[in-house]
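K.L.:
Sequence and computational prediction follow.
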Amino acid sequence: MSSLLLSGCVEPKKESPVWEKIKISDLAPTEGDKSHASQRFKTINLDVHVFEVPAENIDKLEKIRKNLYIRPLRLRDYGAFYANSFWVRFGHRKKWNEVYDKIEDAEGQRINRISLMLPDAWPETFAITGLDRSQSVFYTAIDGAKEAAQIGPGILALRIKAKTIPTSPGQCSVTAYPVFTPPVKSTIPELDAQVKRREFPFTVAAFGLDMRPGHFVVLAPTEYVEDQTTLGGLFFTNPEGRLFFSDDENKPPERKPVFRVFLLLCTQVDY
């Protein structure tokens, strides 16, 4: 159980179909002469909590989805986001413990917690799962068409970029989206450029919002997707499953299929 005490708002009964779209420029690394060194005093700190929840309990997350707020979030495309089995919600302060409790009630186990210190306007890539060979990944494009990306070997990751807002000290603009990236990085600019050309950003599942310390988002699947050739299945599903212990001491532990849930918590904004 987290000791953090974090508040939230109740989601409107009806979701508005009107969304403020994310711009492609929000997703890409910042260009120009600025370096990490020149921006080292401007950082945004995010904690990423990763849970695995038994597939049979996916309906229990509906309470989280209904009790958190949707309006501050920006999606590049509403239909494509949900067609790829992604949902995301916003919360703040006192809602944090409530969300944590509901994930635990669904037998969720936290498998990872990473603290990210993001230089202002520079992206960070958080690994989700590895691919040991080349494969096709199918996803729904913005126009509703089914498309395939040939990716691997490498990693499927969540790329996160945060920018301070000069007119709002203590607040930052955060964007995130799944991305395939090769495993090799190089300090040689020419080779690094070749590696980046092999990346594939799944911007159909991009989201963004403005955050302050204490704000968080929940990223989870709309349904359990076992198929590892789909974006939703590859991003959220662990095909190996996980052992779960019963309250009944006479019952042996059972391996169950699981899906991942991500909590992204803003802890500090230096400006």
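P.N.:
The structure has been received and is ready for your questions. Residues are numbered from 1 along each chain as shown.

K.L.:
Where is the longest helix in the protein?
P.N.:
Longest helix in the chain by number of residues (criterion: DSSP state H): helix 95-105.

K.L.:
And that one, what's buried?
P.N.:
Neighbour counts over helix 95-105 (16 or more other Cβ atoms under 10 Å) mark 95, 96, 98, 99, 100, 102, 103 as buried. Every residue, glycine included, has its C-beta placed from N, CA and C.

K.L.:
okay, these in JSON lines with pLDDT next?
P.N.:
Formatted as JSON lines, these follow (pLDDT from 0 to 100):
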{"residue": "95", "pLDDT": "96"}
{"residue": "96", "pLDDT": "96"}
{"residue": "98", "pLDDT": "96"}
{"residue": "99", "pLDDT": "97"}
{"residue": "100", "pLDDT": "95"}
{"residue": "102", "pLDDT": "97"}
{"residue": "103", "pLDDT": "97"}
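
K.L.:
what are the ranges of the strands in the stretch 51-200 of the chain?
P.N.:
Using DSSP state E, counting those that start in this stretch, the strands of the stretch 51-200 of the chain run over residues 74-75, 86-92, 109-119, 123-131, 135-140, 146-151, 154-164, 172-181, 200-201.

K.L.:
Sketch out the low-pLDDT regions of the stretch 101-250 of the chain for me.
P.N.:
Within the stretch 101-250 of the chain, the stretches with pLDDT under 70 are 184-187, 190-193.

K.L.:
Now residue 134. Nearest residue, chain neighbours left out?
P.N.:
residue 152 (4.5 Å; Cβ to Cβ, 6 or more residues apart in numbering).

K.L.:
Tell me the spacing between the nearest residue to residue 140 once chain neighbours are set aside and residue 234.
P.N.:
Nearest non-adjacent residue to residue 140, counting by Cβ to Cβ, 6+ apart: residue 83, 3.8 Å away. As judged by Cβ to Cβ, to the nearest Å, residue 83 and residue 234 stand 15 Å apart.

K.L.:
Between the two, which has more neighbouring residues?
P.N.:
Between residue 83 and residue 234, counting by other Cβ atoms under 10 Å, residue 234 is the more crowded of the two (24 against 20).

K.L.:
tell me what the strand ranked longest in the chain is packed against?
P.N.:
Taking DSSP state E as the criterion, the chain has its longest strand at strand 254-269. If contacts are counted by 3 or more Cβ pairs under 8 Å, 6 or more residues apart in numbering; DSSP states H and E, strand 254-269 sits against strand 43-54, helix 95-105, strand 154-164, strand 172-181, strand 215-221, helix 231-236, strand 237-244.

K.L.:
switch to 6 Å and redo it
P.N.:
strand 43-54, strand 215-221, strand 237-244 (3 or more Cβ pairs under 6 Å, 6 or more residues apart in numbering; DSSP states H and E).

K.L.:
what's the most buried one of these?
P.N.:
Greatest average neighbour count among the helices and strands packed on strand 254-269 goes to strand 215-221 (a mean of 23), per mean count of other Cβ atoms under 10 Å.

K.L.:
between the helices and strands packed on strand 254-269, which one is nearest to residue 160?
P.N.:
strand 43-54 (6.7 Å; Cβ to Cβ).

K.L.:
hmm, back to that, what would the helices and strands packed on strand 254-269 look like in TSV with distance to residue 229?
P.N.:
Formatted as TSV, these follow (distance: least, Cβ to Cβ, whole Å):
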stretch	distance to residue 229
strand 43-54	21
strand 215-221	15
strand 237-244	11
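
K.L.:
so which of those strands comes closest to residue 203?
P.N.:
Nearest of the helices and strands packed on strand 254-269 to residue 203, taken as Cβ to Cβ: strand 215-221 at 15.1 Å.
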